[in-house]
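> Quick one, structure for this:
(one chain, ligands or ions: 1)
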Amino acid sequence: MRQIERSRQLYLRAQEVLVEGVNSPSRGGRFYKPHPLFIDHGRGGHIYDVDDNEYVDLMLGFSALVLGHAHPEIVEALSRAAKAGTHYAAITEIEVKVAERLCQLIPCAERVRFANSGTEATMAAIRLARGFTGRNKFIKFEGHYHGWYDDFLLNCHGRPTDALGTRKDPVLIPDSSGLTRESLANTIVVPWNDIEILLDKANQYKGQIAAIITEPVMSNIGCIPPKPGYLEALRQITRDNGILLIFDEVVTGFRYAPGGCQEYFRVVPDVATFGKAMGAGISIGAVVGKREIMDTFSWGKVLHYGTFNATHLAMEVVHTNLDVLTRNGNANIKHLHDIGNQIIAGLREIFNHRKVPAIVQGFGPMFQIYFTQKESIGDYRDYCSDVDTEKYSRFAHELIKCGVYVTVSNGLHSITCTAHTEEDVDRVLNAADDALGNM
Ligand code: PMP
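I've put the predicted structure just below:
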């Protein structure tokens, strides 16, 4: 029987000084029962809690740890950078080198601007698009999350279907209190994977829309790939209407392909945002894009500041990470796909064999399980109406008990790292079978 007593005690202590005992609500007691686990350390594809339980880690620092925990070359890069001083009030050669690498790897990247998180990158990208086009409005899709900035923070969480309004005219639902009506006034929300409604909105607001921002594979309502031709259609509509296309590759970047989903699907946006896997576990963000658009960040035009933008420390880590990911013909990126595809196929077999109505959606490095009678979940509304998220949470809690650390929120996803092995695949599949047996 697994002991988690030390986690319980630390959680009681944490609640005295941290709001809900955590620093980001999705890690807290609202989701994790009977309480969240305190992690002591991680190594490779595994983490260890303070009660000495070991888990195969399929959360990996909310998708940041593409190389797994404590990768020796990342540890070495951190230590090298720390010895030389972590940050200076000046530019460094390594910033140029990393930017050059990004411009080689990412199809739309001709210029780069670094920030410190995915949220900072998407905030900057929207301001850039407004500054470049002189238009105020932008389109975001139902269920897509781009960070916690005011303009974006709506229609991300799952809700009862009667709260959503019609597909053509979704009700704008802020995901937080403290947002002003004004900050949401220029945000247009439409369903994803639906070209007709998007075309209607583009016509209705002709000449007023600065950008369409999209996750190229949806990662914040589980895992929902684009319908065939959808990203291409987005590219066409934006081009026809003088709208900038922004790919938010904060989750997909450096994962589906070295150049992200734009390389994988061969659809090149005008601007793209990155974070998470780019930093292999340290905080980083980046906006990249076509030169004439990105140059709007010049002095006197669109302002983007930041004490910690592109620290020497962060740049050393990103540089090493890109080396590791792309060496031997991108062998490590291929490994992310292989491991993910093996887990996905194995889980499907288990659900089939046990006659559990569940699907595993996604491919390669990212996937999510939906307990549903449907054959696929195509968008946010399907998720709200046809997915048993309570059942998923019960399953995920059982899986954690069986030694696999997954998100207990159906709206997030599972993710692979380069350190996962075939033995980990077996452990995940055995645990999944046991977890279903225990339910
Ligand atoms: N965009 C996407 C697609 C995300 O999933 C996230 C975070 N989950 C963000 C942006 C925000 O990134 P960060 O948490 O680093 O601010």
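
> In the chain, where is pLDDT below threshold?
Within the chain, not a single segment meets pLDDT under 70.

> The same query, at a cut-off of 80, please.
Within the chain, the ranges that satisfy pLDDT under 80 run 1.

> Nearest to the ligand: which residue in it?
With Cβ to the nearest ligand atom as the measure, Gly118 is the residue of the chain nearest to the ligand, at 2.2 Å. In this view, the C-beta of every residue, glycine as well, is placed from N, C-alpha and C.

> May I see the buried residues of stretch 428-439?
For stretch 428-439, the neighbour count (16 or more other Cβ atoms under 10 Å) marks Val428, Leu429, Ala431, Ala432, Asp433, Asp434, Ala435, Leu436 as buried.

> I meant to write stretch 42-52 there.
The neighbour-count check on stretch 42-52 (16+ other Cβ under 10 Å) flags Gly42, Gly44, Gly45, His46, Ile47, Tyr48, Asp49, Val50, Asp51 as buried.

> which other residues reach that stretch?
For stretch 42-52, the surrounding residues in contact (Cβ atoms under 8 Å, 6 or more residues apart in numbering) are 2-7, 10, 37-41, 54-57, 65, 68-70, 405, 417, 419-421, 424.

> Show only the entries of the residues you listed found in helices.
Per DSSP state H, helices hold the following members of the contacts of stretch 42-52: Glu5, Arg6, Ser7, Leu10, Asp424.

> give me the subset of those touching the ligand.
Near the ligand, judged by Cβ under 6 Å from any ligand atom, there are no entries from these.

> Which of those are buried? Put it as a PyMOL command.
PyMOL command restricting the ones in helices among the contacts of stretch 42-52 to the buried ones, with burial defined by 16+ other Cβ under 10 Å:
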select buried, resi 7+10+424
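
> what's in contact with stretch 6-21?
In contact with stretch 6-21 (Cβ under 8 Å, 6+ apart) are residues Val22, Gly28, Gly29, Arg30, Pro34, His35, Pro36, Leu37, Phe38, Asp49, Val50, Asp51.

> for stretch 349-369, same thing?
Stretch 349-369 has contacts (Cβ under 8 Å, 6+ apart) with 63, 217, 219, 222-225, 251-252, 255-256, 336-337, 340-341, 343-344, 347-348, 370-377, 392, 395, 410, 412-416, 429, 432-433, 436.

> Regarding it, how distant is the last residue from the first?
Using Cα to Cα, to the nearest Å, one end of stretch 349-369 lies 13 Å from the other.

> can you tell if it touches the ligand?
No - Stretch 349-369 lies out of reach of the ligand by Cβ under 6 Å from any ligand atom, never closer than 10.7 Å.

> Just the buried residues of that stretch, please?
Across stretch 349-369, burial judged by 16+ other Cβ under 10 Å covers 350-351, 358-362, 364-369.

> And stretch 316-326, by the same measure?
Glu316, Val317, Val318, His319, Thr320, Asn321, Leu322, Val324, Leu325, Thr326.

> Apart from its neighbours in sequence, what residue is nearest the first one?
The shortest distance from Glu316 to any residue that is not its chain neighbour, by Cβ to Cβ, 6 or more residues apart in numbering, is 3.9 Å, and that residue is Ala81.

> Any idea how far whichever helix or strand the one you found is part of is from the middle of the chain?
Assigned by DSSP states H and E, Ala81 belongs to helix 72-83. Distance of helix 72-83 from the chain centroid (Cα atoms, centre = their mean, to the nearest Å) equals 25 Å.

> which stretches of the protein form helices?
Using DSSP H, the helices of the chain run over 5-17, 60-63, 72-83, 93-105, 118-133, 181-184, 195-204, 230-240, 261-264, 291-294, 312-353, 380-386, 389-401, 422-438.

> tell me the most buried of those?
Across the helices of the chain, averaging neighbours per residue (mean count of other Cβ atoms under 10 Å) puts helix 118-133 on top, at a mean of 24.

> Surely Ser63 and Gly279 touch.
No - the criterion here is Cβ atoms under 8 Å, and Ser63 misses it with Gly279 at 11.0 Å.

> shared neighbours, these two?
In contact with both Ser63 and Gly279: no residue, using Cβ under 8 Å, 6+ apart.

> picking that back up, tell me which residues touch the residue nearest to Glu316, please.
Contact analysis of Ala81 by Cβ under 8 Å, 6+ apart lists His312, Leu313, Met315, Glu316, Val317.

> Quick check: the farthest pair among these?
Of all pairs drawn from the contacts of Ala81, the greatest distance, 9.9 Å, lies between His312 and Val317 (Cβ to Cβ).

> what's the spatially most central residue of the chain sitting at in phi/psi?
Taking Cα atoms, centre = their mean, the centroid of the chain lies closest to Val251, which sits 3.0 Å from it. Main-chain dihedrals, Val251, degrees, to the nearest 10: phi -90, psi -40.

> Identify the residue spatially nearest to it, adjacent ones excluded.
Using Cβ to Cβ, 6+ apart, the nearest residue to Val251 is Ser219, at 4.2 Å.

> backbone phi and psi for the one you found, please?
Dihedral angles of Ser219 (phi, psi; degrees, to the nearest 10) stand at phi -120, psi 0.

> ok, now the one 4 residues further on?
The phi and psi torsions at Cys223 (degrees, to the nearest 10) take the values phi -140, psi 110.

> which bits of the stretch 151-300 of the chain sit near the ligand?
Glu215, Ser219, Asn220, Asp248, Val250, Val251, Gly275.

> how much space between the first one and Gln342?
To tie it back to what came earlier, the one meant is Glu215. Glu215 is 24 Å from Gln342, where distance means Cβ to Cβ, to the nearest Å.

> Check the second one too.
Remark: distance between Ser219 and Gln342 (Cβ to Cβ) = 20 Å.

> can you list the domain ranges for this protein.
Domains of the chain are assigned by automatic domain parsing as 5-70+330-438, 72-324.

> Buried ones in stretch 412-425, by neighbour count?
The neighbour-count check on stretch 412-425 (16+ other Cβ under 10 Å) flags Leu412, His413, Ser414, Ile415, Thr416, Cys417, Thr418, Ala419, His420, Asp424, Val425 as buried.
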